[in-house]
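Participant: pasting a predicted model and its sequence here:
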Amino acid sequence: MSLDLEPALAHPFTGVDAAAVAALGPLVVGKVRDIIDLGDTIALIATDRISAFDHVLGAVPYRGQVLNELAAWWFERIADLVPSHVVSVPDANVTLGKKCTTLPVEVVVRGQLSGSTSTALWTAYAAGERTIYGIDFPDGMQKNDPLPEAIITPTTKAEQGGHDEPITEADIVADNLVDGALWEQVRTVALAVFERGRDVAADAGLVLVDTKYEFGLDADGVLTIIDEVHTPDSSRYWRASTVDERLAAGEEPENLDKEYVRLAYVRNGYDKLSDPWPLPESLAVEAAGIYRETYTALTGRSFTPASYPAAERVVAALHAVVD
């Protein structure tokens, strides 16, 4: 696949002008999500901005809406396992969430020996490591092999402009990042949520390969799952019907998630130290189809794009909640 590395056309995406929300609260513009501080709660504004790598930025049409609506759908389906930060979803691109104290680690659960980034299991295994994240792996495994059981490979939660760094579960407790009893609760919940996700994905004709969870403590100190769950940005999905055939042919499984974008750049010699690369319009449109296909496969719902421009609609929805 050869990419036409011309700047992508300007796709509309949910963006809220600071002046329009000044009466509601401070606006923090993030890399892929904007946050309005409403006091006891925050409004998470999903955008279409995507970051496949550090220097690859662009917009995937309706990505934000897919992530927002799909995460809300998933939170309902794991409510018996762990409470979420969601208070309400007043708009297709907005989640109103209660404030939580975020734990300083990100919990990555993996079911396959896969990945292409620096923190991926396969990257370390292919380099000859056999003890990774404090877990011993046997010789002779191949890329994308299923693991005997799901494992947790946590990373630190990067500060602004930094990077997530691998850390072992033992070091999390030893360094007092999370105390032992709470970490045991986190690992139990994370594995249970992942198993629920794999079951739902299998029924949808997908393989949930791995995923990232973020946890926090609410005002009462209750463990709460936050951010997103099992979306094409926070998780890796394969199309189940083509996995065996593609692996037998020496090809990568068919990704239905953000990895689709990452792999396109990997195939074209992307260098993280290079100048920023734009997201080509053709790849943005392809990715939009992937995101929407994943949404429909999981939920069984047709995707209905919200109308644009979104800024006024978002502000109106939040006023209805705040007022």
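Facilitator: Thanks, I have the structure now. Since this is a predicted model, take the numbers as computed values, not measurements. Numbers count the residues shown, from 1 in each chain.

Participant: distance check, M141 against I132.
Facilitator: Distance of M141 to I132, computed by C-beta to C-beta, to the nearest Å: 11 Å. Any C-beta I mention is one placed from the backbone N, CA and C, and that applies to glycine too.

Participant: which one's more surrounded, those two?
Facilitator: Taking other C-beta atoms under 10 Å, M141 and I132 do not tie; I132 has more neighbours (21 against 16).

Participant: quick one: secondary structure of the spatially closest residue to the more buried one that is not a sequence neighbour?
Facilitator: Nearest residue to I132, sequence neighbours excluded (C-beta to C-beta, 6 or more residues apart in numbering): A124, at 4.7 Å. Assigned by DSSP: H, G, I helix; E, B strand; the rest coil, the conformation of A124 is helix.

Participant: which residues are common contacts for M141 and I132?
Facilitator: By C-beta atoms under 8 Å, 6 or more residues apart in numbering, M141 and I132 have these common neighbours: Y125.

Participant: hmm, back to that, is it true that the residue nearest to I132 touches G134?
Facilitator: No - with contact defined as C-beta atoms under 8 Å, A124 and G134 do not form a contacting pair (11.9 Å).

Participant: these two: who's more crowded?
Facilitator: A124 (20 against 15).

Participant: and L38, how far from G25?
Facilitator: Separation of L38 from G25 (C-beta to C-beta) stands at 5 Å.

Participant: what average pLDDT does the host helix or strand of V266 get?
Facilitator: If you go by DSSP states H and E, V266 is part of helix 259-267. For helix 259-267, mean pLDDT is 85.

Participant: show residues contacting stretch 114-130.
Facilitator: 108, 110, 113, 132, 136-139, 141, 143-144, 153, 155, 164-166, 209-210, 236, 259, 262-263, 266.

Participant: just the CA coordinates of that stretch, formatted as CSV?
Facilitator: Below are the C-alpha coordinates for stretch 114-130, written out as CSV (Å, rounded to 0.1, in the frame of the first residue of the first chain):
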residue,chain,number,x,y,z
SER,A,114,1.1,-9.2,19.2
GLY,A,115,1.7,-5.5,18.6
SER,A,116,4.1,-3.2,16.8
THR,A,117,4.8,-0.4,19.2
SER,A,118,7.7,-0.1,21.6
THR,A,119,5.7,-1.4,24.6
ALA,A,120,4.1,-4.3,22.7
LEU,A,121,4.7,-7.9,23.8
TRP,A,122,5.9,-9.0,20.4
THR,A,123,8.4,-6.2,20.1
ALA,A,124,10.2,-7.4,23.3
TYR,A,125,9.8,-11.1,22.5
ALA,A,126,11.2,-10.7,19.0
ALA,A,127,14.2,-8.8,20.4
GLY,A,128,15.0,-12.0,22.5
GLU,A,129,13.5,-11.1,25.8
ARG,A,130,11.8,-14.0,27.6
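
Participant: before we move on, the earlier item: of the contacts of stretch 114-130, buried ones?
Facilitator: The neighbour-count test (16 or more other C-beta atoms under 10 Å) marks 108, 110, 113, 132, 137, 141, 143-144, 153, 155, 164, 166, 209-210, 236, 259, 262-263 as buried among the contacts of stretch 114-130.

Participant: can you show me the helices along this structure?
Facilitator: 63-77, 121-126, 169-174, 180-203, 243-248, 259-267, 281-299, 311-322 (DSSP state H).

Participant: tell me the contacts of the residue nearest to the spatial centre of the chain?
Facilitator: With distances taken as C-alpha atoms, centre = their mean, the chain has S234 as the residue nearest its mean C-alpha position (1.6 Å). Counting by C-beta under 8 Å, 6+ apart, S234 makes contact with 211-213, 227-228.

Participant: in strands, which of those residues appear?
Facilitator: 211-213 (DSSP state E).

Participant: pretty sure T231 is touching W73, no?
Facilitator: No - using C-beta under 8 Å, T231 is not in contact with W73; the gap is 9.6 Å.

Participant: give me the below-cutoff pLDDT ranges for the stretch 201-323 of the chain.
Facilitator: 272-275, 307-315, 317-323 (pLDDT under 70).

Participant: dump the helices of the chain into a markdown table; add distance to P90 as well.
Facilitator: Formatted as a markdown table, the helices of the chain follow (distance: least, C-beta to C-beta, whole Å):
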| stretch | distance to P90 |
| --- | --- |
| helix 63-77 | 11 |
| helix 121-126 | 39 |
| helix 169-174 | 35 |
| helix 180-203 | 25 |
| helix 243-248 | 38 |
| helix 259-267 | 29 |
| helix 281-299 | 19 |
| helix 311-322 | 4 |
